[in-house]
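Student: Sequence first, predicted model second:
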Amino acid sequence: MPRRSDAVVRRGLRHVGRAIAEQPGIFALALLGSSLYGGMTVASAYVVGGVTDRVILPAFAEGATTAAALTLAAAVILAVAVLKIVGILGRRLFAGIMSFRLQADYRRRVTGQYLRLPLSWHQRHPTGQLLSNANSDVESAWFFVSPLPFACGAVVMIGMTVVALLLTDPLLAVVGFVVFPLVFVVNAVYSRAMSPRMARAQQLRAEVSEIAHESFDAALVVKTLGREADETERFSARATELRDGLIAVGRLRGLFDPLMEALPNLGTLAVLLVGAERVVAGTTAAGDLVSIAYLFTLLALPIRAIGWVLADLPRALAGFDRVTPVLEATGRTPHGTDPAPRGQRGAALGLRDVGFGYDGVTTPTLHGVTFDVAAGRTLAVVGPTGAGKSTLAGLLVRLVDPRTGEVLLDGVDLRTLREGEVSSEVAFVAQSTFLFDDTVRDNVTLGAPYDDEQVHEALRIAAAEDFVARLPEGLDTRVGERGASLSGGQRQRLALARAVVRRPRLLVLDDATSAVDPAVEARILDALRTADRPVTVVVVAYRQATIELADEVVWLEGGRLVDRGSHAELLARVPGYAELVRAYQPPEADAPDRQPAEARA
Amino acid sequence: MSRAEEPLLAADRRPEGALATLRRGLRMMPEFRSGLPVTFLLALLATAGRVVVPVAVQQTLDRGLAGPDGPDLPLVRELVLGSALVVVLTGVAVHRMNVRLFRTTETALAGLRVRAFRHVHDLSVLHQQGQRRGSLVSRVTSDVDQLSVFMQWGGVLGLISLGQLVVATVVMAVYSWQLTLLVLVCFLPLGVAVRFFARRLAHAYGVVRERVGDVLAAVGESVVGAPTVRAYGVRARTAARIDRAIDRHYRASVDAQKVTAGVYVSGEFVAAIANAAVVVVGVLLGVGGQISAGTLVAFLFLVTLFVAPVQTASEVLNEAQNAIAGFRRVLDVLDTEPDVRDPSDGRTLPPGPLDVRFEHVGFSYVPGGRKALDDVDLTIPARTRIAIVGETGSGKTTFAKLVTRLMDPTGGRVLVGGVPLAEVAFASLRERVVMVPQDGFLFDASVADNVRYGRPGLTDAQVVAAFAELGLEAWVEGLPAGVATSVGQRGESLSAGERQLVAVARAYVADPDLLVLDEATSAVDPATERRLTHALDTLTDGRTTLTIAHRLSTAERADEVLVVDAGRVVQRGPHAVLVDAPGPYARLHASWRRSSGRQPDPVG
C-alpha cells in the first residue's frame, strides 16, 4: 500500500513536470508573479515591523513625528501593495492561461485523433466515453494547474520566511520549523483521507443523476402505471446515500479547516512567547517580533495552495490516464496515390470476394461477397437484421476496408486512390442522418463552393425546398445541434440534398429514405437517373416501394450474398425475401415527422 | 441555444432577487431552519479565535514589554497561554459549526431534491416536451449538486467571513472609533462597486458557460458525425470548426479570469490604502496622546482581518450567483402547479369492463390556441377494440392522453365506466386504465423486473407464465438468461421489437380493463413482428382497447375505426365498411397499400 501511494506521488510529480514542460514560458511568468507576490507578502510583514520600529514607536516615545516619516511609511506600504498586486495579477492570469491552454491543446489533440482514426476504431469505443475523454477527462487532467504557480510560489515564500527567521533570530526560526512542516503534514493526511470520500460522493452523484434521467425518460410508463411513489422511493434511497456521503466529506472538512486555521495562530502565539523573552534579553527588536508574528498570519493561505495541488493530483492522473490511450491510438486509413477515374456517367461498381469482420467478433460480418453493378443502374440490397447490409454500404464508400477481397470503382481498387478521391465521386447517406450545428446551406454544401442555385436545385430534388422556404431565415437558418430544430424526415431530406448537390457518380443510401414519402423517394431517384449524368445507385432498403425502384436486388443473409435478381424473381425464389418484404409495414408516410409537431403544440 | 432559454415552467417566468430566493428557499426547506440560530451563534464564536491573536500582540507590546514597570514576562506567558486556549476553543467551535452546517444543509438539500423529483413526475412538461427533459433532470441533479458544493465551500466561508467582518469592526471600534471610521471610509467605494463587479462576473462566466456548450457540441460532431465526416471528406473543415469552438472557449475563459483577478486585487488595493491611512492617522492620533503604540499595531492586524472577508466575498460572489440561480430553478419546480391533480375524495372505477364516453370534449395545448381536439362526442362500448387513425397532428395522441388523464380536457368531460375521470382516484385509475407508450421504455434491470413494473410482487415464475400466456415462451427461452436477462440501459441490449414484447408483457400483468396502445413506428424483423401481433391479440382480448394506429393493418383487425382529422372524428365504423366508402379512410388506406406494396388481400 505505501509503495502504491509512493508510485502515485512519483507519477503525480511527473505529471506536474509534464504540465510545466508543455507550457514553460507561461509557467515561468506565472511563477514570477507568484514569487513577486510571495516576496511582497514577506516584505509587507517587514514593512509593518519597520514602520513600528522607525515611525510608530519613536513618534509615540517622542510625542512628535515628521511629515516626511509619515509620507515615507505610507509610500512604502503602498509601493509594496502595488508590487504585490502586480504579483497577484501575474500569478492568477498566467496560471489561468496555462491551465486553459493545456486544456485547449489537449482537446485539439484528442479531437484531431477522433478525426484521423479510422471508423473501425470509433466502432470499438462507446460514444459517451469518447465525448467525456475530450471534455471532462481533459479538464480534470489539467485542472490542478490553476493553483500550481501559487503553490510553487508558496514554496519560495516559505524558503524566504525561513531565511528571514534565521537572520532575525535562530530561536524564533525553530518555531517556524515546527509549524510549517506540521501544516504540510496535516495537509497531506487530509488529502489522503479525503480523496476516497470525494470519489464516493462523485460516484453517488452520478448514480442519483442516472436514476433521475431514467425515471424522467420513463415518465409515461411511470405515470400510466401509477408508480410515482415507488420511483420517488428509489430516488430517495440513493439521494439519502449521497447525503450521507456528503456529510462524511463535510465532517472531515469541518475538522481540517479549523485545524489549518489554528496552526498558524498558535505559531504566532509561540512567536510572541519566545519573542518576548528575546526582546527582554535584548537579542531581538520589538519590530522584528511584530514582523514575524504578522508573517505567520499571512502565510496560512499560500501554504494551503500546496495542499490544493496535491489533493487534485490523483484526479488529474485518472483523467490523463483516460486521455492517453486516445492520443496514443494508432491506425490510419492508408491512402494510395492515384486519382479516381472520372467520367460523365455513373461509375461501375464491383465487389470481388469481399469479406469483413469486426474486431473481437469471430463470425465474419460479410463473407465472399461478389457482384457487379453496371454504370447507371440501381441496385437494392435487402436482407434481415444483422445480414451485413450497413457494413456493405460502408465498404462502398471506404468507411471501412474489406478484410479480404476488393471493392472496385470503375475497375480501380478504392485503396489505391488518393485521399479525398472516393468522397469526390461517391456520396453516402447513412441510416441515422447527421447534421452539423450550422446553417441549412452549409449543411448541404459542407463548405464546398456550390452556389445557391445548385443548393436550391438539390433541395428541390430531395423534396426539401418547401420546408426550407418556410424556415425563418431560409438557407441561412441554423439547424441547431445535430439538427435538433428539424423533424426526422426533414433531417433526412437535407442529408439527401447534401448527397445530391455533389452530383456523385455513385450514390449509396443506407436505409436513408425511411422517413420520406415513397413518391418523393421515387422522384429523387428519377431525377438522379434521368439527369445528364445518370448516377449509379446502391440502396439498402426495407420497404417494397423502395425496392421496386431498383433494377436489381441482392439478397443478403448471414453475411453472404444468397441470391440476386429482379424483385419478382426473388419473391418467387426466396421464401425469406418474400416474408421480409411482406412483413415490413411502413408507418404512415409522414409518421417520423410527428415529434416536432408535438413539441410545438 | 436561445430555445433552451425559454422558460420551461410557469414559475420560471418570475424575476426575483437573490434575497427573495433565499427567503422562498428557507420557507420550502423546513429542515434548514431548525438549528440555524445555534449555527449562527457558533459562527460568531468562531471569529473570536481570529481576533484574539491581534489582541495578544497588542497586549504583549503595550503591557508585557512596554509596561510601566518594565517588561513583565509572567504576564506575557499568561496572555499567550490564555490566547492559545481561546484559539483551541474557537477551533472546536468552528468544527462543531461546520459539522452542524454540513449536516443541516445536506439534509435540507436531500429533502428538497426528493420533493422536487416527486413533483416533476406530476408535471405534464415531462411527457409533453420530451426534448427538454434533460433540463428537468438537471434541476434535481446538477442544480442541487452545485448548491451543495457551494454550501460546503462558499457557504461556510461566507458565514465565517460575515461574522469576522462584524467582530473585527466591533473590536476595531473598541480600540479606536476614529481609525475604524477611517477604515470604513476606505472600504466604502468597494462596497458600492460590488454590484458592478457582480454583474461583470456574471456576464463573463455566462459567456464561458455558453462556450462550453459550443465545445461540447463541436466535439460531438467529430464523434457522432464520424461516418459523415469521412464519407464527405470534410475532416479539415470539421477540425477547423472544432478548433474555432475550442479557441473561443479559451478566450472567454481567459477573459473571465481577468475579471476575477481584477475584482480580487481591488480588495488588496483598498486594504493597502487603509493600512497606509491607519499608519498616518494613527501616528498623528498617537502623537496627540489618543491611542497607544500597541493599539496602533493591533489595528494594523485587525485591518487584515477586515480585508480577508471582503476578498473572500469577491471569490464567493460568482459561485454564489450561480448557486442562487440553480436554487431558484429547483424552487420553481416546487412552485409549479401540476396540471392534473389526484382528487382529494377520489371515487373508484366500477368493477368489470369499462366503457369510455367523450362528452363534447375539446382540447388545446395553448389557452385560446388551435384546438387539438374539437367537440368530440362519442361512446366506446366496453370490450370493443378501437383503432384511431389519422394524419400527423390530427389529434390521435391527444385522444390517448385524455383517456389516461395525462391531461384534462379544456372543454367537455371524459367518463370511464360512467365516472368522470377528474373524480377518479389516481390509484384506481392507474390500476384499471393502462397505456403502452410508443416507445415502451425499459429500465436498466432484468426482463422480469421490467415486467414486474406493471404489477409489483410477481415472482419470476409468474413472469415466465405471463410470457407463456402471450405465446412468447420460445422468445424468453432464447434469451441468454431467460427472464433474468439484463436489458441494459433503456433496454438497449434488446431490439426495438423485443422491447415492445416486454412492454406488452408489462401491460398484460397489470391486467387493466381499459387499454390504450400507442403503436410503435419502428421497423421490426418479421419473426418479432409475428410474435408481437400474437401477443397483442392476447393482451387486448376481452378488454376495451384504444389503439393509436400508425399502420393500417392494425385498423384492419380492429372492431371499429375512428378516423380523426384536424381534431374532429370524421369517420367511424368497421374497416370493411369504411374501406369501400368514399372518404378520408379509403384515401389513407390506398396510399398505405401503395407504399407497402401490399395487394388488396383478404383481411386476417
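Tutor: Cool, the structure landed.

Student: for the chain, which spans come out with low pLDDT?
Tutor: Defaulting to chain A. For chain A, the stretches with pLDDT under 70 are A:1-8, A:300, A:359-362, A:482, A:484, A:515, A:530-533, A:582-601.

Student: Wait, chain B was what I had in mind.
Tutor: Along chain B, segments meeting pLDDT under 70 span B:1-8, B:10-15, B:67, B:125-132, B:156, B:314, B:318, B:392-393, B:521-526, B:594-604.

Student: domain assignment for it?
Tutor: As recorded under automatic domain parsing, the domains making up chain B are B:17-175+B:321-338, B:177-290, B:356-595.

Student: how long is the first one from one end to the other?
Tutor: Think domain B:17-175+B:321-338. 25 Å (C-alpha to C-alpha, to the nearest Å).

Student: and it, how far out from the chain's middle?
Tutor: Domain B:17-175+B:321-338 sits 24 Å away from the centroid of its parent chain (C-alpha atoms, centre = their mean, to the nearest Å).

Student: show me what contacts the residue in the stretch 201-350 of chain B that chain A sits nearest to?
Tutor: Across the stretch 201-350 of chain B, no residue is closer to chain A than B:Ala272, which sits at 2.9 Å (C-beta to the nearest C-beta). The C-beta positions use only the backbone N, C-alpha and C, and glycine is treated the same way. When contacts are counted by C-beta atoms under 8 Å, 6 or more residues apart in numbering or on different chains, B:Ala272 touches A:77-78, A:80-82, A:84.

Student: And B:Ala298, by the same measure?
Tutor: B:54-55, B:57-58, B:61, B:175.

Student: what about the helix or strand containing it, distance to the chain center?
Tutor: Per DSSP states H and E, B:Ala298 falls inside helix B:293-335. Here helix B:293-335 is found 27 Å from its chain centre; the criterion is C-alpha atoms, centre = their mean.

Student: contacting residues around the spatially most central residue of chain B?
Tutor: The geometric centre of chain B, computed from its C-alpha atoms, lies nearest to B:Arg139 (C-alpha atoms, centre = their mean), at 1.9 Å. Residues near B:Arg139 by C-beta under 8 Å, 6+ apart: B:116, B:120, B:329-330, B:332-333.

Student: Now A:Ala374. Its backbone dihedrals?
Tutor: Note on A:Ala374: backbone dihedrals following degrees, to the nearest 10 are phi -70, psi 150.

Student: For it, give its distance to B:Val516.
Tutor: A:Ala374 sits at a distance of 52 Å from B:Val516 (criterion: C-beta to C-beta, to the nearest Å).

Student: do the same with A:Ala248
Tutor: Distance of A:Ala248 to B:Val516, computed by C-beta to C-beta: 47 Å.

Student: one step back: also near chain A: which of the contacts of B:Arg139, exactly?
Tutor: B:Val120 (C-beta under 8 Å from any C-beta of the partner chain).

Student: From the contacts of B:Arg139, list just the buried residues.
Tutor: B:116, B:120, B:329-330, B:332-333 (16 or more other C-beta atoms under 10 Å in any protein chain shown).

Student: ok, so of the residues you listed, who is nearest B:Arg405?
Tutor: The closest of the buried ones among the contacts of B:Arg139 to B:Arg405 turns out to be B:Val120 (C-beta to C-beta; 17.9 Å).

Student: doesn't B:Leu136 make contact with the closest one?
Tutor: Yes. Applying C-beta atoms under 8 Å, one finds B:Val120 in contact with B:Leu136, separated by 5.4 Å.

Student: Distance to A:Leu117 for the domains of chain B - can I get that in CSV?
Tutor: Output for the domains of chain B, formatted as CSV (distance: least, C-beta to C-beta, whole Å):
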stretch, distance to A:Leu117
domain B:17-175+B:321-338, 29
domain B:177-290, 9
domain B:356-595, 24
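
Student: can you pull out the helices in the stretch 101-250 of chain A?
Tutor: Remark: helices assigned in the stretch 101-250 of chain A by DSSP state H, counting those that start in this stretch are A:119-124, A:127-132, A:138-142, A:148-168, A:170-217, A:219-224, A:228-281.

Student: Kindly reformat these as JSON lines containing mean neighbour count and distance to B:Pro37.
Tutor: JSON lines is the format used below for these (neighbours: other C-beta atoms under 10 Å in any protein chain shown; distance: least, C-beta to C-beta, whole Å):
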{"stretch": "helix A:119-124", "mean neighbour count": "17", "distance to B:Pro37": "59"}
{"stretch": "helix A:127-132", "mean neighbour count": "16", "distance to B:Pro37": "44"}
{"stretch": "helix A:138-142", "mean neighbour count": "23", "distance to B:Pro37": "40"}
{"stretch": "helix A:148-168", "mean neighbour count": "20", "distance to B:Pro37": "37"}
{"stretch": "helix A:170-217", "mean neighbour count": "17", "distance to B:Pro37": "29"}
{"stretch": "helix A:219-224", "mean neighbour count": "25", "distance to B:Pro37": "41"}
{"stretch": "helix A:228-281", "mean neighbour count": "20", "distance to B:Pro37": "19"}
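
Student: Relative to chain B, which of those helices is closest?
Tutor: For the helices of the stretch 101-250 of chain A, proximity to chain B was assessed by C-beta to the nearest C-beta; helix A:228-281 is nearest, at 2.8 Å.

Student: That closest one to helix B:293-335, inter-axis angle?
Tutor: Following axes from the mean of the first three to the mean of the last three C-alpha atoms, to 10 degrees, one obtains 180 degrees for the angle between helix A:228-281 and helix B:293-335.

Student: which secondary structure elements does helix A:228-281 contact?
Tutor: Using 3 or more C-beta pairs under 8 Å, 6 or more residues apart in numbering or on different chains; DSSP states H and E, the elements in contact with helix A:228-281 are helix A:170-217, helix A:286-328, helix B:36-59, helix B:73-120.

Student: Quick one: closest of the ones you listed to B:Leu285.
Tutor: Closest approach to B:Leu285 among these is made by helix B:36-59 (15.1 Å; C-beta to C-beta).

Student: can you tell me if that closest one touches chain A.
Tutor: Yes. With C-beta under 8 Å from any C-beta as the criterion, chain A is reached by helix B:36-59 at B:46, B:49-50, B:52-53, B:56-57.

Student: who are the neighbours in contact with B:Val140?
Tutor: The contact partners of B:Val140, by C-beta under 8 Å, 6+ apart, come to A:212, A:235, B:113, B:116-117, B:120, B:330, B:333.

Student: my bad, should have said A:Ala104
Tutor: B:246-247, B:249-250.

Student: what about the residue in the stretch 501-601 of chain A that chain B sits nearest to, distance to A:Glu261?
Tutor: Closest residue of the stretch 501-601 of chain A to chain B, C-beta to the nearest C-beta: A:Gln544 (2.9 Å). Distance from A:Gln544 to A:Glu261, counting by C-beta to C-beta: 78 Å.

Student: For chain B, give the helix that spans the most residues.
Tutor: Scanning chain B for the helix with the most residues, using DSSP state H, yields helix B:235-287.

Student: ok, now which ones touch the residue of chain A most remote from its centre?
Tutor: Note on chain A: the largest C-alpha distance from the chain mean falls to A:Glu62, namely 68.5 Å (C-alpha atoms, centre = their mean). Listed by C-beta under 8 Å, 6+ apart, the contact set of A:Glu62 is empty.

Student: Beta-bridge partners for the nearest residue to A:Val426 once chain neighbours are set aside, please?
Tutor: Leaving aside its chain neighbours, A:Val426 sits nearest to A:Leu506 (4.5 Å; criterion: C-beta to C-beta, 6 or more residues apart in numbering or on different chains). Beta-bridge pairing of A:Leu506 under DSSP bridges involves A:Val426, A:Thr536.
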